[in-house]
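J.: sequence? don't have it. structure:
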């Protein structure tokens with residue numbers, strides 16, 4: 001076990017770093033304690049430097065680094081929470097606001113994440129620089145707003161407080177997104193301002209503009225709103241136009257992940273690009289050329305999807321994988337996963353409490369650890385059988401890794417997840433590649449209606465298949481409300497069962513039995 005951990009340095013970095021994040025998140029560590037931790041860490045490092053010839057003193061270096069990583073994690077969260085505090089007037093004021101995303105239709109009004117640039121007080125503009133959620137009344141003018149627009153609005157912003165008796169703490173959810181407050185602007189109380197010319201355009205806004213352009217192209221090659229909604233979800237992770245019944249169908253059958261551009265989509269596209277250039281061979285020199293081309297195209301795909309967190313997360317992981325392959329290291333490993341997690345948390349520590357972040361890394365970790373074990377249970381001389389078994393084991397591994405957290409947040413478990421994944425994953429790959437080919441063609445020339453019929457039929461099959469799976473009796477178990485101890489026990493059970501299968505030591509079986517006894521006592 002110790003030798004395994006030595007091969008995963010980023011796992012050892014993550015332990016103190018995540019500990020600092022969690023402690024600050026739940027305890028709110030005072031500043032003086034951070035000063036003490038910083039001084040302690042420096043003392044350990046200085047002592048190591050002074051006595052570095054002694055082998056045993058290597059632990060001094062590790063302890064010093066651990067102290068500083070703990071400090072970095074906790075202090076980063078503390079600073080984010082200080083930045084997110086809203087201490088401006090609660091009455092109506094004139095604000096300059098920049099829209100950070102496209103409008104989301106909420107039936108009675110539009111919703112948008114915005115950046116409050118400044119507030120006008122005493123005839124002077126004062127800088128604010130806070131993120132907020134803004135609701136804008138629907139009218140013929142507001143529907144034309146888009147990401148990057150700047151408006152001046154007379155409104156008030158207020159912090160959201162926790163509502164007693166609520167299962168979902170919306171206030172904490174907003175703070176984790178660095179959103180300070182919520183406001184509403186009625187018709188006639190805002191006007192569009194001239195956008196400032198910037199020699200360095202906002203990358204995120206440019207990406208959203210690019211996504212909007214391709215969404216219009218996508219709408220022109222689909223035959224119905226249902227098809228457009230599915231295509232927009234698969235290619236761009238854009239679910240605002242998706243039919244609510246279809247959303248529920250994907251959720252209850254365990255196929256919701258295909259409508260969020262994430263690791264599955266990026267892996268499919270990356271594999272397709274590598275396959276396209278496979279005729280060049282597999283020498284080290286070829287890898288130096290092929291991997292940068294593949295990664296550039298993958299990041300281009302991430303850009304046209306709007307650089308959403310899920311696709312950036314997946315693309316970052318693939319990039320580390322590609323770089324590892326170039327330098328001749330074991331590419332797809334747990335250390336790759338932990339390195340990606342560390343870098344993303346270093347950029348924004350509160351990703352740790354994002355459901356998508358948790359599910360993504362749990363799924364990949366489970367696939368790396370559990371999938372090889374499950375695959376060894378069956379081997380066939382027929383390629384199609386091995387493919388189906390591989391698809392089964394990957395889906396099962398991912399589901400095992402994510403099920404406890406998914407149940408904790410969503411209170412349901414899709415019983416037919418395996419059937420759903422066996423059906424949707426091969427089709428998603430085909431649809432994704434077809435959509436990209438069609439979009440490239442539409443950028444060069446108009447496509448006649450009959451040329452889009454292959455896409456039309458495969459989307460119909462996809463939709464019909466999901467709707468048929470939802471008709472299976474008892475396809476989903478609802479109203480599951482495990483507590484935190486249940487989730488921890490489930491993951492400990494999964495970990496020790498995995499160790500039992502790998503190491504085949506009786507001690508792990510005893511630990512599993514003890515876990516079961518603790519759970520029985522917990523419910524007595």
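T.: Yep, that arrived. Please read these numbers as outputs of a predicted model, since none were measured by experiment. Residues are numbered from 1 along each chain as shown.
J.: what packs against the helix or strand hosting residue 346?
T.: Element membership for residue 346 (DSSP states H and E) is helix 334-347. Applying 3 or more Cβ pairs under 8 Å, 6 or more residues apart in numbering; DSSP states H and E, one finds that helix 334-347 contacts helix 9-27, helix 58-84, helix 309-326, helix 355-375. The C-beta positions use only the backbone N, C-alpha and C, and glycine is treated the same way.
J.: and the angle for that helix with helix 309-326?
T.: Taking axes from the mean of the first three to the mean of the last three Cα atoms, to 10 degrees, one finds that helix 334-347 is oriented at 130 degrees with respect to helix 309-326.
J.: any weak-confidence spans in this structure?
T.: 1-7, 52-56, 162-167, 195-200, 328-332, 448 (pLDDT under 70).
J.: can you give me the strands in it?
T.: For the chain, the strands defined by DSSP state E occupy 93-99, 104-105, 109-121, 124-137, 150-155, 157-158, 179-185, 190-192, 413-414, 476-477.
J.: picking up where we left off before, out of the helices and strands packed on helix 334-347, deepest packed?
T.: helix 309-326 (a mean of 20; mean count of other Cβ atoms under 10 Å).
J.: got the angle between that helix and helix 355-375?
T.: 50 degrees.
J.: who's in contact with residue 189?
T.: Contact analysis of residue 189 by Cβ atoms under 8 Å, 6 or more residues apart in numbering lists 153-155.
J.: re the thing from before, hmm, who's touching the helix holding residue 346?
T.: So helix 334-347 is contacted by 7-11, 13-14, 17-18, 21, 72-73, 76, 313, 316-317, 320-321, 324, 351-352, 357, 361, 364-365, 368-369 (Cβ under 8 Å, 6+ apart).
J.: if we use 7 Å, what do you get?
T.: Residues outside helix 334-347 that contact it (Cβ atoms under 7 Å, 6 or more residues apart in numbering): 7-11, 13-14, 17, 21, 313, 316-317, 320-321, 324, 351-352, 361, 364-365, 368.
J.: where's residue 8 relative to residue 193, distance?
T.: 51 Å (Cβ to Cβ, to the nearest Å).
J.: now do residue 100
T.: Taken as Cβ to Cβ, the span from residue 100 to residue 193 is 15 Å.
J.: what of residue 205?
T.: Distance of residue 205 to residue 193, given as Cβ to Cβ: 15 Å.
J.: which one's more surrounded, those two?
T.: residue 205 (21 against 15; other Cβ atoms under 10 Å).
J.: which residues does that one contact?
T.: Counting by Cβ under 7 Å, 6+ apart, residue 205 makes contact with 147-148.
J.: go again with 10 Å.
T.: 98-101, 146-149, 195, 198, 306-307 (Cβ atoms under 10 Å, 6 or more residues apart in numbering).
J.: how many neighbours does residue 467 have?
T.: Residue 467: 14 neighbours (other Cβ under 10 Å).
J.: make sure residue 404 is actually in contact with residue 488.
T.: Yes. Checked against Cβ atoms under 10 Å, the pair residue 404 and residue 488 is within contact range at 8.6 Å.
J.: more crowded one of the two?
T.: Neighbours were counted for residue 404 and for residue 488 using other Cβ under 10 Å; residue 404 has more, 20 against 13.
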